[in-house]
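Enquirer: only geometry, no sequence info:
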């Protein structure tokens, strides 16, 4: 989990630096893609941990503020 936090902090730092520079739209879209991938990876880890500790899919979906059917398609049970 610490590795994920370090990666997220690196992305935050990169986005802060990008806001100070004249950056192309393509670079910003690449950065957005990287951030979205990290967020999804973190959410997957949270879902796995919640399932491992006995939380049901509807409860997890509510915590992530997702509709249950959307949750099921994004995070299929293993």
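Expert: Here it is on my side, so go on. What you see is a predicted model; the values in this text were computed from it and never measured.
Enquirer: Could you look up the SS state of the spatially most distant residue from the centre of the chain?
Expert: Within the chain, residue 22 marks the point farthest from the mean C-alpha position, 26.4 Å out by C-alpha atoms, centre = their mean. What DSSP: H, G, I helix; E, B strand; the rest coil gives for residue 22 is coil.
Enquirer: and residue 62, how many neighbours?
Expert: The burial count assigned to residue 62 is 14, neighbours taken as other C-beta atoms under 10 Å. To be clear about C-beta, it is placed using only N, CA and C from the backbone, and glycine gets the same treatment.
Enquirer: Find the helix or strand that it is a member of.
Expert: helix 57-63 (DSSP states H and E).
Enquirer: Identify all contacting residues around that helix.
Expert: Contact with helix 57-63 is made by 46, 47, 50, 51, 55, 67, 68, 70, 71, 72, 75, 77, as judged by C-beta atoms under 8 Å, 6 or more residues apart in numbering.
Enquirer: Just the mean pLDDT for the helix or strand just after that helix, thanks.
Expert: Where DSSP H and E defines the elements, the next helix or strand beyond helix 57-63 is helix 68-74. Averaging pLDDT along helix 68-74 yields 89.
Enquirer: So for helix 68-74, what gets flagged as buried?
Expert: Buried residues in helix 68-74, counted by 16 or more other C-beta atoms under 10 Å: residue 71.
Enquirer: ok, now stretch 43-53?
Expert: Result for stretch 43-53 [16+ other C-beta under 10 Å]: buried residues 47, 50.
Enquirer: Show residues contacting it.
Expert: By C-beta under 8 Å, 6+ apart, stretch 43-53 touches 1, 4, 57, 59, 60, 63, 64, 75, 77.
Enquirer: and the helix ranked longest in the chain, how far from the chain's centre?
Expert: Within the chain, and with DSSP state H defining each element, the longest helix by residue count is helix 25-52. Centroid separation between helix 25-52 and its chain, computed with C-alpha atoms, centre = their mean, to the nearest Å, is 3 Å.
Enquirer: try stretch 42-53
Expert: Centre to centre, stretch against its chain (C-alpha atoms, centre = their mean), the figure for stretch 42-53 is 12 Å.
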